[in-house]
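Peer 1: have a look; sequence and predicted model below, questions after that.
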Amino acid sequence: MKKFTVAAIVFILIASLSAFAEGAKSDYLVDKVVGKVEREVSPGKWETVVGAMKLDPKSVVNVGLNSSLVIKVGERIVTVKAMQKGTVEQLTSVSVAAKPTIKIGAKASTTTADSSAVKGRTNISTASTRASDATKDIEWEE
């Protein structure tokens, strides 16, 4: 009887873990496609992605120029922008990451180009500064 009870408990644990793992796997459902978006079916063979298509997390997706892909991941909606290639899982996790922003009150970094070192000139070369440099080398005779 003890062996049966232990086997039943082990079976219930395995069944509950597999059910939990199945529930934790997110569905990647294509919501909207703009432009040329393809997924790799087999090495070197690409298929066009269309709306309401279910994507595997490990499938490789290529978003073309001036294109975008909107994917629904569980309750979230993720937009993959143009010119990106990678697995669906990577592309959706990158777009969720924090985006760089400009902080209010941030200070500008200093530059090594000091305009006070050369009087009346900047370190930017223009046609007029090159011409003024050339006139110093010419000797005029009248």
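Peer 2: Thanks, I have it.
Peer 1: for residue 85, list each beta-bridge partner.
Peer 2: Beta-bridge partners for residue 85, by DSSP bridges, are residue 62.
Peer 1: count the residues that sit near it.
Peer 2: Using other CB atoms under 10 Å, residue 85 has 14 neighbouring residues. For glycine as for every other residue, the C-beta is placed from the backbone atoms N, C-alpha and C.
Peer 1: check contacts around it.
Peer 2: 60-63 (CB atoms under 8 Å, 6 or more residues apart in numbering).
Peer 1: between those residues, which sits nearest residue 38?
Peer 2: The nearest member of the contacts of residue 85 to residue 38, counting by CB to CB, is residue 62 at 4.9 Å.
Peer 1: so that closest one sits against residue 35, correct?
Peer 2: No. Counting by CB atoms under 8 Å, residue 62 stays clear of residue 35, with 11.2 Å between them.
Peer 1: and those two? Which one has more around it.
Peer 2: More crowded of residue 62 and residue 35, by other CB under 10 Å: residue 62, with 17 against 12.
Peer 1: roughly how far does that one sit from residue 74?
Peer 2: Relative to residue 74, residue 62 is positioned 24 Å away (CB to CB, to the nearest Å).
Peer 1: now swap in residue 87 and tell me
Peer 2: In terms of CB to CB, residue 87 sits 17 Å off from residue 74.
Peer 1: repeat for residue 38
Peer 2: Taking CB to CB, one finds residue 38 at 24 Å from residue 74.
Peer 1: and those two? which has more neighbours close in?
Peer 2: Set side by side, residue 38 and residue 74 show more neighbours around residue 38, with 17 against 9, by other CB under 10 Å.
Peer 1: can you give me the helices in the chain?
Peer 2: 2-24, 88-96, 127-137 (DSSP state H).
Peer 1: turn the contacts of residue 85 into JSON lines, columns for distance to residue 78 and pLDDT.
Peer 2: JSON lines is the format used below for the contacts of residue 85 (distance: CB to CB, whole Å; pLDDT from 0 to 100):
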{"residue": "60", "distance to residue 78": "16", "pLDDT": "93"}
{"residue": "61", "distance to residue 78": "12", "pLDDT": "94"}
{"residue": "62", "distance to residue 78": "16", "pLDDT": "93"}
{"residue": "63", "distance to residue 78": "12", "pLDDT": "93"}
